[in-house]
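Visitor: Coordinates only, no sequence provided:
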């Protein structure tokens, strides 16, 4: 964590040990930097104070490892590396970029659509579910019970991506029972980064949307030029470690209808507002999703928001903390002239491991909050 007043004309005098007495969410290296930063901080201070009161809710997960992955990592008593090492998945396969020593997306050419869980069968969803979804899933506990996975399994760290898509369809009022998407669901997925090294996990969309052809257009500048336009068919679930498991078979069947489910991904390099016309002529979206968007941090979002406003397609964004969502919502309202269609809300399928070295004392999680237009 760095001083909230860094860059205020004078060099920081040391580590940020002086916390704001009002909100407790930010810290400073000195009283002088705190004074200089107050003109910027005073607007957010009250909001952050309210958010600090809800820390226990942010850290509330049903897993046996919840305390280790939330409070202990946040307090630097554990690290993401140590957590993954204990479970035998440190720096392997899809887990490779889940800690600071993993390769960056932009420098890596190891996109894989056939990588596995590197876990035994009992700990991962490598096959069709034992029964179709009988109710809307609303928590990680619901999902783990439905998929018959024990609560000591760490797969939720990666399943945040397809489950956040599932949740976004709920927020936007879509679902597999909606007549418009009964057979096909087309999603424009904006700004993918490390999930590009975890593409196999999107095969779980087979189970979440049975009998539906789910097509996801992954659009963003992190996609290498030579992968632009590449289409990926995810016919199987991500594999477990066991060589005799049925997950090694070639077909994935819908339990309820015996029709083959279909999940396809298409990679598109560039910004959404620059690529939209090329994409939409073949794949008009039912929903736009932008995980961990950082709308207020990047000016490139402004023309994209303008485009989404014009197309009138529902769009759901996520971010690491409530304050980032608040700032993003303000940007959206400035562009559209309207309040959010989908208000800021906690994502029950946020990643259940805290982000290391957050800029706030607030715990931050990948895909932590959702909001939209």
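Guide: Nice, thanks for sending it over. On a predicted model such as this, the values are computed, not experimentally measured, just so you know.
Visitor: List the buried residues of the longest helix belonging to the chain.
Guide: Counting residues, the longest helix found in the chain (DSSP state H) is helix 31-52. For helix 31-52, the neighbour count (16 or more other CB atoms under 10 Å) marks 33, 34, 36, 37, 41, 44, 45, 48, 51 as buried. Placement of C-beta: from N, CA and C, glycine included.
Visitor: which two of those lie the greatest distance from each other?
Guide: Checked with CB to CB, the buried residues of helix 31-52 reach their widest spread between 36 and 51, with 23.3 Å between them.
Visitor: residue ranges for the helices of the stretch 101-250 of the chain, please.
Guide: 140-146, 156-171, 205-208 (DSSP state H, counting those that start in this stretch).
Visitor: ok, which stretches of this structure are strands?
Guide: Shown for the chain, the strands assigned by DSSP state E span residues 18-19, 27-28, 184-190, 213-220, 231-233, 262-269, 287-290, 315-319, 342-346, 369-372.
Visitor: Quick one: closest of those strands to residue 84.
Guide: strand 315-319 (22.6 Å).
Visitor: and residue 97, how many neighbours?
Guide: 20 (other CB atoms under 10 Å).
Visitor: Next, format the strands of the chain as TSV and append distance to residue 298, mean neighbour count and mean pLDDT.
Guide: Formatted as TSV, the strands of the chain follow (distance: least, CB to CB, whole Å; neighbours: other CB atoms under 10 Å; pLDDT from 0 to 100):
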stretch	distance to residue 298	mean neighbour count	mean pLDDT
strand 18-19	28	16	90
strand 27-28	25	23	90
strand 184-190	11	23	96
strand 213-220	11	23	97
strand 231-233	26	13	94
strand 262-269	17	22	96
strand 287-290	11	26	98
strand 315-319	12	28	98
strand 342-346	19	15	97
strand 369-372	16	25	98
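Visitor: which residues of the stretch 51-200 of the chain score low on pLDDT?
Guide: Judged by pLDDT under 70, the stretch 51-200 of the chain has its weakly predicted residues at 102-114, 175-181.
Visitor: dump the residue contacts of residue 300.
Guide: residue 271 (CB atoms under 8 Å, 6 or more residues apart in numbering).
Visitor: ok, now the one 3 residues further on?
Guide: Neighbour list for residue 303: 271, 273 [criterion: CB under 8 Å, 6+ apart].
Visitor: Please report the distance of it from residue 310.
Guide: Applying CB to CB, to the nearest Å, one obtains 10 Å for the distance of residue 303 from residue 310.
Visitor: Likewise for residue 246?
Guide: Distance from residue 246 to residue 310, by CB to CB: 46 Å.
Visitor: and of the helices of the stretch 101-250 of the chain, who's closest to residue 80?
Guide: Per CB to CB, nearest to residue 80 of these: helix 156-171, 9.1 Å.
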